[in-house]
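**Student:** give me a model of this one.
(one chain, ligands or ions: 1)
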Amino acid sequence: MINKIILASKSGVRKKILEENQIRCLVEPSNVDEDSVKDSLLKMNATPEIISKNLAELKANKISQRRHDHLVLGADSVIDLKGKIISKPNNRKEALEILLDLNGQTHHLISSVCISQNGLMVWNCTDKASLTMKQMKEEELVNYLAKINDETLYAYNVYQIEGEGRSLFANIEGDEDTIMGLPVKKIKEYLSNYK
Ligand SMILES: Nc1nc2c(ncn2[C@@H]2O[C@H](COP(=O)(O)OP(=O)(O)OP(=O)(O)O)[C@@H](O)[C@H]2O)c(=O)[nH]1
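**Tutor:** This next block holds a predicted model:
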């Protein structure tokens with residue numbers, strides 16, 4: 001069983017999820033330019049799932065190319081609303097627009113993971129959760145946003161499922177770890193069988 005890998009992510013949440021599952025990790029963020037990758041993939045009509053898979057692989061391969069001594073894990077999470085990718089807001093006006101788009105609708109939170117070795121993908125997985133938002137008044141959404149600080153809003157997008165965000169939803173199907181950015185059960189299974 002491998003229990004020490006490199007996490008190619010600046011996400012403290014992902015590190016926490018790995019450590020809570022007895023997977024020790026060294027952190028080396030990839031700092032991949034996600035927006036330019038997304039833009040070029042969208043020009044090729046890539047789906048949100050394809051975009052998240054590609055970003056996870058780019059992040060893992062970039063670090064793995066210079067760290068041949070470890071397995072490297074990259075990850076990416078996207079919101080898929082009826083086939084349209086919903087990226088993180090750049091300001092509070094955009095955050096409210098996202099919430100209004102998600103309002104009363106069902107969307108998917110897709111988290112993709114890639115494990116690379118010597119600069120190449122050796123394993124990957126993608127997991128989806130389905131979240132149905134309550135039909136809320138705009139005023140309620142404004143009041144909700146007022147409770148979310150900038151750091152959380154711009155790091156995690158418009159909801160933190162383990163926090164205030166849960167109150168937005170009428171129904172949630174799927175793994176909470178996946179929603180938080182890491183389908184850790186599948187990762188554990190792979191690493192425990194790694195030879
Ligand atoms: N705590 C929490 N974090 C969430 C939730 N939903 C998404 N996230 C985090 O939001 C971020 C999604 O953005 P990504 O681009 O996948 O990752 P990142 O944080 O920018 O970090 P990199 O992997 O370095 O790109 C990740 O850090 C996820 O862990 C949630 O409900 N709760």
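**Student:** ok, now which ones touch residue 18?
**Tutor:** Listed by C-beta atoms under 8 Å, 6 or more residues apart in numbering, the contact set of residue 18 reads 5, 7, 24-25, 73, 182, 184, 187. For every residue, glycine as well, the C-beta is placed using N, CA and C.
**Student:** below-threshold pLDDT in this structure: ranges please.
**Tutor:** Per-residue confidence of the chain (counting by pLDDT under 70) places the weak regions at 1-3.
**Student:** for ChimeraX, what selects the buried ones among the contacts of residue 18?
**Tutor:** Selecting the buried subset of those in ChimeraX, with 16 or more other C-beta atoms under 10 Å as the burial test, is done by:
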select :5,7,25,73,182,184,187
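**Student:** quick one: name the residues of the protein near the ligand.
**Tutor:** If contact is defined as C-beta under 6 Å from any ligand atom, the residues of the chain in contact with the ligand are 9-11, 13-14, 29, 34, 59, 75-77, 155-157, 159-162, 165, 179-181.
**Student:** now, the residues you listed that are in helices?
**Tutor:** 13-14, 34, 59, 155-156, 179-180 (DSSP state H).
**Student:** buried ones among those?
**Tutor:** By neighbour count, with 16+ other C-beta under 10 Å, these hold 13-14, 34, 59, 156, 179-180 as buried.
**Student:** my guess is residue 178 meets residue 113, correct?
**Tutor:** No: using C-beta atoms under 8 Å, residue 178 is not in contact with residue 113; the gap is 9.7 Å.
**Student:** so for those two, which residue has more residues nearby?
**Tutor:** The neighbour count for residue 178 versus residue 113, taken as other C-beta atoms under 10 Å, is higher for residue 113 (29 against 24).
**Student:** for that one, give me its contacts.
**Tutor:** 56, 73-75, 124-126, 182-183, 186-187.
**Student:** repeat for residue 30
**Tutor:** Neighbours of residue 30 in contact, by C-beta under 8 Å, 6+ apart: 8-9, 58-60, 62-63, 74.
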